[in-house]
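1. what would the 3D arrangement of this be:
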Amino acid sequence: MSIERVTSYGSINISQEAIATLAGGVVSECYGVVGMASQKVLKDGWAELLKKENYSRGVVVKRTEAGMELDLYIIIGFGVKVSEVVSEVQKKVKYVLEKTLEQDLAAVNVYVQGVRVIG
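-> You can find the predicted model right below:
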């Protein structure tokens, strides 16, 4: 699934990988977020903390009847209010992606995969 636009200069195709990487970059800048996590929790219950080049592994981009939806898998810092961090992540990702891609997002779902001590 990708976003395609046709302009007077030619066509633009934004891949799912590019959308996921953009979303991952926005999430990593949010207060209280330690980093992106892999969607698959490892067998011992630990979530893998992803590096910058692998952010797309922690984001799932889906097209539904309502529109484009994102599933974000994050790890937050110990001692922060989970509901506030998640709310801020949802608002910031929705705002930045809608402005950048010029397309409405139907939903931004956030899954907290773990809590880490920042230090």
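2. okay, now the nearest residue to Val117 once chain neighbours are set aside: neighbour count?
-> Nearest residue to Val117, sequence neighbours excluded (Cβ to Cβ, 6 or more residues apart in numbering): Phe78, at 4.7 Å. For glycine as for every other residue, the C-beta is placed from the backbone atoms N, C-alpha and C. Phe78 is flanked by 11 other residues according to other Cβ atoms under 10 Å.
3. next: Ser83.
-> Ser83 sits with 8 neighbouring residues when counted by other Cβ under 10 Å.
4. for the lengthiest helix in the chain, give me every contacting residue.
-> When secondary structure is assigned using DSSP state H, the longest helix within the chain turns out to be helix 82-101. For helix 82-101, contacts defined as Cβ atoms under 8 Å, 6 or more residues apart in numbering pick out 3, 14, 19, 22-23, 26-27, 29-33, 70, 72, 74, 76, 103-105, 108, 110, 112.
5. of these, buried ones?
-> The neighbour count (16 or more other Cβ atoms under 10 Å) marks 3, 19, 22-23, 26-27, 30, 32-33, 70, 72, 74, 76, 105, 108, 110, 112 as buried among those.
6. hmm, back to that, list the neighbouring strands of the next helix or strand after the longest helix of the chain plus their orientation.
-> The helix or strand immediately downstream of helix 82-101 is strand 105-116, counting by DSSP states H and E. Each strand pairing with strand 105-116, determined using DSSP bridges, is listed with its direction: strand 67-77 (parallel).
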